[in-house]
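Undergrad: what shape does this take:
(2 chains)
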Amino acid sequence: MALLQISEPGLSAAPHQHRLAVGIDLGTTNSLVATVRNSISLVLNDQDGRALLPSVVRYLPDGGVQVGDVAQAVQSEDPINTIVSVKRFMGRGLADVGDVANMPYRFVDAPGMVQLRTVAGVKSPVEVSAEILNVLRVRAEQSLGGELVGAVITVPAYFDDAQRQATKDAAKLAGVNVLRLLNEPTAAAIAYGLDNAAEGIYAVYDLGGGTFDISILKLSKGVFEVLATNGDSALGGDDFDHRIYCGLLEKNKLSALGAHDTRLLLTRARAAKEELTDHAETRITAMLSGGDLIDTLLTQKDFHDMTLNLVARTMQPMRRALRDAELSADDIKGVVMVGGSTRMPQVQRAVAEFFKQTPLTNLDPDKVVALGAAIQANVLAGNRNADEWLLLDVSPLSLGIETMGGLTEKIIPRNSTIPTARAQEFTTFKDGQTAMSIHVVQGERELVSDCRSLARFELRGIPPMVAGSARIRVTYQIDADGLLSVSAREQSSGVESHIVVKPSYGLSDAEIAQMLQDSGRHAHDDMRARALREQQVEANQLLEAVSNALDQDGNTLLNEEQKTRILAAMGALRNELQGTDHLVIKRAAAQLNDATVTYAQARMDKSVSHALTGQKISELDN
Amino acid sequence: MSVVLTETAAKHVQNFLIKRGKGVGLRVGVRTSGCSGMAYKLEFADSANVEDLQFVSNGVTLLIDPQSLPYIDGMELDYTREGLNEGFKFNNPNVKDACGCGESFTV
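TA: Coordinates of the predicted model:
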């Protein structure tokens, strides 16, 4: 018969209606699945009792697929068909991936997302990730004895729309219903129960195998807001192994080694690193292929000294994140440690020193993200009274629209809690304009050219009207997974157009980090660029208005001298428009304005007298 | 008249209660539901109701409402592992028939 679990009071499910939900940490190096059972969040192990599933997928010539440890074991023998760290390719174009030459894969540049040519055909990163998710889904269904209602999958806080969408697509392909995508640092904070703690600001320090992320989260009224993220996408536990390896080469006076010996020593170095977590010293022994015997004693202090600058490299992003959030280390109420590399005592000491408090380490740092995701999944599946627990996430980058002159108008600012919808009204720029092109951009900079273009669409069928009188309401909506849809509606006629943003490809982590940094660094340049563009737009509008007027009644209302003066001022303004100084353009525009004062007066008089012709004073009184 | 927990089941329940951080015991009962007429109810209990019958088995307090007792009298609750799955198993002498999965039963 079926095995039962204990429910919370009053929440026993009817038979056959257990709502099984899991949290999945789809990691770069390892993936995990966790669930809440008997009110406790726990990671589900495979048949052999292993919790971590290496995020490695190998394609076989017969079309078969190996996932996890089996695939990892043959990684060096079949590198072309064994895909590791596929998370780095999710939602990315070939140009975004970078360092392609140093990867063993045969990349295919496909529109939207890079693809990989394997012995079993061309595979997209979405398909590769789906294989990993599929293994986790099967593991979960076997462990829970039923089909899953859904899953919460975690993604890095800086993942953009394309990367989030790719993750959702992978889940769909694996037959996993996504209840919600959740930011990794937020999941870690949930696992520590910080969501029911008092309000405050928390730091999440995530040092994984190959990446370092620091996030500053603010919890208020059940909302986790990501105040700042920073990190180093090329710093992780592997670098610590490498330091030990270099130390070994130096001590034993070895020069360059073959691939086999290098791998052997790196494996030994890793074991030594793990040993030193709770031992004062360890002995590294290895027999090299050349017959040399390596036998070296490594103490915790040696290890600490040789990795001093690696630990120090995590401090810089921490300072930057705090500065971005306009906070000091004293404002941080708690520090959550995530990632296996945070087990190293020197890392814990450095973090404790930096934040002047002991970081939270009592949960397994490898599992903490999955555990938090499981808790969230349990709530979303309806296994807990949701009213006691509502968690919201925030958008990672600002979303805006292109306005005249290539400027960005932000519609949803960075760090807005999601789901959210914001609307803004725009108008036509020219008389009789019947269509409007809407360009959706993501980023923090003032100029569209410095932001990432997400989508373009057109609103057609606007009734012809004088410039500035149409009212077009543009609505941006982000759903709970951080995905965007945009709609535009002309208010008087009701014509509408909308788009679900499926960006062609995403931003690289480095790009996002760069964009965030640039927005600060370039703030001054941007302001000037913005002022220039605004002035250019204004000047062009003025020129157009004046030349239209001249065409209409320039000859009847103006004498030759007045006309020459206006034409000269127009010429001067056109000339200054080539330049880049917005103040000069402004002056020239002001001069043209001055030159046309009497002309404008004359035109006004003419149209007023035209309007008044044939009307009685009494009628005008009304 | 009684319902008992095996030693393994009791150990797990105690563990769960400690990790959950609150609760006075385990509420066991039946309710009319499911394809075969009745279904088990297994919940943490934060407080006892006045009419509850209480049994202590291997150190765990079991709370049972009087209407449920006739259907589960003499039952033994075990905690077992089947493949990757683990959970509570109800060995109920009163059951005459059960649906395929055993979540729902007839007395």
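Undergrad: kindly export stretch A:97-113 (C-alpha atoms) in CSV.
TA: Output of stretch A:97-113 as CSV, limited to C-alpha atoms (Å, rounded to 0.1, in the frame of the first residue of the first chain):
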residue,chain,number,x,y,z
VAL,A,97,29.7,32.7,-24.7
GLY,A,98,33.3,33.9,-25.1
ASP,A,99,36.5,31.9,-24.9
VAL,A,100,35.0,29.4,-27.4
ALA,A,101,38.5,28.3,-28.4
ASN,A,102,39.3,26.9,-25.0
MET,A,103,36.2,24.7,-24.9
PRO,A,104,36.2,21.2,-26.5
TYR,A,105,32.7,21.6,-28.0
ARG,A,106,31.7,22.0,-31.7
PHE,A,107,29.6,25.1,-31.4
VAL,A,108,26.9,25.9,-34.0
ASP,A,109,25.9,29.5,-34.2
ALA,A,110,22.1,29.3,-34.3
PRO,A,111,19.8,32.3,-34.1
GLY,A,112,18.9,33.0,-30.5
MET,A,113,21.0,30.5,-28.7
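Undergrad: interface residues of chain B facing chain A?
TA: Neighbours of chain A within chain B, by Cβ under 8 Å from any Cβ of the partner chain: B:12-13, B:16, B:19-20, B:26-27, B:31, B:33-35, B:39-46, B:80, B:82-90, B:98-99, B:101-104. Quick note: C-beta positions are derived from backbone N, CA and C, even for glycine.
Undergrad: in chain A, where is pLDDT below threshold?
TA: A:1, A:13-18, A:196-198, A:222, A:384-394, A:396, A:415, A:481-482, A:502-524, A:611-622 (pLDDT under 70).
Undergrad: how is it carved up into domains?
TA: Domain assignment for chain A, taken from automatic domain parsing, gives A:15-235+A:316-392, A:397-510, A:526-608.
Undergrad: let me know the helix or strand that A:Val311 is in.
TA: Per DSSP states H and E, A:Val311 falls inside helix A:308-324.
Undergrad: ok, what's across the strand from the residue positioned nearest the centre of chain B?
TA: Centroid check for chain B by Cα atoms, centre = their mean gives B:Val28 as the closest residue, at 3.9 Å. With DSSP bridges as the criterion, B:Val28 is bridged to B:Leu42.
Undergrad: picking up where we left off before, from the residues of chain B next to chain A, list the buried ones, please.
TA: Among those, those classed as buried by 16 or more other Cβ atoms under 10 Å in any protein chain shown are B:12-13, B:16, B:26-27, B:31, B:33-34, B:39-45, B:84-90, B:98-99, B:102-104.
Undergrad: which one of the domains of chain A is the most hemmed in?
TA: Sort the domains of chain A by mean neighbour count, taking mean count of other Cβ atoms under 10 Å in any protein chain shown, and domain A:15-235+A:316-392 sits at the top with a mean of 20.
Undergrad: just how off-centre is that domain within its chain?
TA: 14 Å (Cα atoms, centre = their mean, to the nearest Å).
Undergrad: try stretch A:414-424
TA: 15 Å.
Undergrad: and that stretch, end to end?
TA: 16 Å (Cα to Cα, to the nearest Å).
Undergrad: need the contact partners of that stretch.
TA: Stretch A:414-424 is contacted by residues A:223, A:225-227, A:392-398, A:401, A:409, A:411-412, A:444, A:473-480, A:482 when judged by Cβ atoms under 8 Å, 6 or more residues apart in numbering or on different chains.
Undergrad: still on that earlier bit, so which of the residues of chain B next to chain A belong to strands?
TA: Using DSSP state E, B:26-27, B:31, B:39-45, B:80, B:82, B:85-90, B:98, B:104 are the members of the residues of chain B next to chain A that sit in strands.
Undergrad: any idea how many residues pack against A:Leu298?
TA: 21 (other Cβ atoms under 10 Å in any protein chain shown).
Undergrad: how close does it sit to A:His279?
TA: Separation of A:Leu298 from A:His279 (Cβ to Cβ, to the nearest Å): 10 Å.
Undergrad: is it true that the residue nearest to the centre of chain B touches B:Leu63?
TA: Yes - at 7.4 Å, B:Val28 counts as touching B:Leu63 under the criterion of Cβ atoms under 8 Å.
Undergrad: elements contacting the helix ranked longest in chain B?
TA: The residue-count maximum for a helix in chain B (DSSP state H) belongs to helix B:7-20. Packing partners of helix B:7-20 (3 or more Cβ pairs under 8 Å, 6 or more residues apart in numbering or on different chains; DSSP states H and E): strand A:40-43, strand B:38-45, strand B:60-64, strand B:76-82.
Undergrad: quick one, what contacts the residue of the stretch 201-350 of chain A found nearest chain B?
TA: Nearest residue of the stretch 201-350 of chain A to chain B, counting by Cβ to the nearest Cβ: A:Gly334, 18.8 Å away. By Cβ under 8 Å, 6+ apart, the residues touching A:Gly334 are A:192, A:194, A:197, A:200, A:202-203, A:357, A:360.
Undergrad: so what does A:Met604 have for phi and psi?
TA: According to degrees, to the nearest 10, the main-chain angles of A:Met604 amount to phi -60, psi -50.
Undergrad: ok, back up a step: now the residue nearest to the centre of chain B: how far from A:Gly339?
TA: 42 Å.
Undergrad: which stretches of chain B have low pLDDT?
TA: If you take pLDDT under 70 as the line, chain B has these spans: B:33-36, B:99-103, B:107.
Undergrad: if we use 90, what do you get?
TA: B:1-3, B:19-23, B:29-41, B:47-53, B:65-74, B:81-87, B:89-107 (pLDDT under 90).
Undergrad: and the strands in the stretch 151-300 of chain A?
TA: According to DSSP state E, counting those that start in this stretch, the stretch 151-300 of chain A carries its strands in the segments A:178-183, A:200-207, A:212-220, A:223-232, A:281-287, A:293-299.
Undergrad: adding distance to A:Gly49, write those out as JSON lines.
TA: Formatted as JSON lines, those follow (distance: least, Cβ to Cβ, whole Å):
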{"stretch": "strand A:178-183", "distance to A:Gly49": "27"}
{"stretch": "strand A:200-207", "distance to A:Gly49": "25"}
{"stretch": "strand A:212-220", "distance to A:Gly49": "29"}
{"stretch": "strand A:223-232", "distance to A:Gly49": "32"}
{"stretch": "strand A:281-287", "distance to A:Gly49": "25"}
{"stretch": "strand A:293-299", "distance to A:Gly49": "30"}
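Undergrad: what's the longest helix of chain B in contact with?
TA: Counting by Cβ under 8 Å, 6+ apart, A:6, A:38-40, B:5, B:23, B:25-26, B:44, B:57-60, B:77-80, B:88 sit against helix B:7-20.
Undergrad: how about a cut-off of 6 Å?
TA: Residues outside helix B:7-20 that contact it (Cβ atoms under 6 Å, 6 or more residues apart in numbering or on different chains) are A:38-40, B:23, B:26, B:58-60, B:77-79.
Undergrad: that helix to strand B:85-91, inter-axis angle?
TA: 120 degrees (axes from the mean of the first three to the mean of the last three Cα atoms, to 10 degrees).
Undergrad: distance from helix B:7-20 to the middle of the chain?
TA: For helix B:7-20, the distance to the chain centre is 13 Å (Cα atoms, centre = their mean).
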